[in-house]
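Undergrad: Turn this into a model:
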Amino acid sequence: MMKIIDLTHTLTPSIPTWDGNCGFHLKTNHDYIEDQEQITFKVQSMSLNCGIGTHVDAPAHCFSSLQSIEQLPLESLINPGILIDISHRSDANNFLHSDDIFNFESIYGQIPENSCVLIHTGWEQHWPTPKYHNNYQFPYISAEAATLLVTRNIKALGIDTLSPDRPDSGFPVHGLLLSKQILIIENIANLNLLPPTNFMVTIAPLKIKDATESPVRMWATL
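TA: You can find the predicted model right below:
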């Protein structure tokens, strides 16, 4: 039987953002009670940062000559999933080592090409408390591990923190992956519900012209 796991955080004004400010607003412009007709409507508008909540970074996020959100081919958004779990050592200075990848592959085999690799750090437990993003201290991915994943020809890399990089690192993972047109997904939810292999991942961004990031609805199909 098919099972679908939602990997998306709900957008609210209180969710963590990169700079700590509110990045999402929903406004009601017309409420049901204002209508006098039989059929009533509620009409709303929203404003938001493109890189808020569960979202995807397109290559153009760092490289002006590469793909923006609306140029992403659909085949880059639906791929077999791989979950590497490092949540057993979840703390602010935890990071994905190359050895974590080798250990995973010693059990499950080499990561297949065109995979969407998801890193479960366990940091979601702090969503949406200040500790989650305080001083930009959260688990991340080492440059060495990212380099190894590039050799596996993956399609996308996702993590349950604000970023696979921290500002003190110089953003090597963004630079490396996006230059290879490997998508980055941040703030993923419910990775604790996934098995290590045998699932598909769908990433559904808004199709916004010239956008370099977009919130997504993301799910896994088991």
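
Undergrad: okay, CA-based contacts and neighbour counts for the rest of this
TA: Will do.

Undergrad: what bridges to Phe199?
TA: Beta-bridge partners recorded for Phe199 (DSSP bridges): Gly81.

Undergrad: hang on, it packs against Pro80?
TA: Yes - with contact defined as CA atoms under 8 Å, Phe199 counts as touching Pro80 (6.0 Å).

Undergrad: Could you identify the longest helix within the protein?
TA: helix 98-108 (DSSP state H).

Undergrad: can you pull the buried residues of it?
TA: Buried residues in helix 98-108, counted by 16 or more other CA atoms under 10 Å: Ser98, Ile101, Phe102, Phe104.

Undergrad: what's that helix packed up against?
TA: Packing partners of helix 98-108 (3 or more CA pairs under 8 Å, 6 or more residues apart in numbering; DSSP states H and E): strand 78-85, helix 143-151.

Undergrad: Between the ones you listed, which one is closest to Ala220.
TA: Among these, the nearest to Ala220 by CA to CA is strand 78-85 (7.8 Å).

Undergrad: Off-centre distance for the helix or strand just after the closest one?
TA: Moving toward the C-terminus from strand 78-85, the next helix or strand (DSSP states H and E) is strand 95-96. Strand 95-96 sits 16 Å away from the centroid of its parent chain (CA atoms, centre = their mean, to the nearest Å).

Undergrad: residues in contact with strand 95-96?
TA: Strand 95-96 is contacted by residues Ile86, Ile119, Pro139, Tyr140, Ile141, Ser142, Ala145 when judged by CA atoms under 8 Å, 6 or more residues apart in numbering.

Undergrad: Spell out the secondary structure type for the residue nearest to Phe171 when sequence neighbours are not counted.
TA: Nearest non-adjacent residue to Phe171, counting by CA to CA, 6 or more residues apart in numbering: Asp165, 5.2 Å away. Assigned by DSSP: H, G, I helix; E, B strand; the rest coil, the conformation of Asp165 is coil.

Undergrad: which stretches of this structure have low pLDDT?
TA: Applying pLDDT under 70 to the chain flags the ranges 35, 134.

Undergrad: What ranges does it have for its strands?
TA: In the chain, the segments counted as strands under DSSP state E are 4-6, 24-30, 43-48, 55-57, 78-85, 95-96, 116-120, 140-141, 156-159, 183-186, 199-205, 213-221.

Undergrad: Compute the distance between the nearest residue to Leu191 once chain neighbours are set aside and Ala58, please.
TA: Computed as CA to CA, 6+ apart, the closest residue to Leu191 that is not its neighbour in sequence is His120, at 5.9 Å. Distance of His120 to Ala58, given as CA to CA, to the nearest Å: 21 Å.

Undergrad: Cys62: how many residues sit nearby?
TA: The tally of other residues near Cys62 (other CA atoms under 10 Å) stands at 15.
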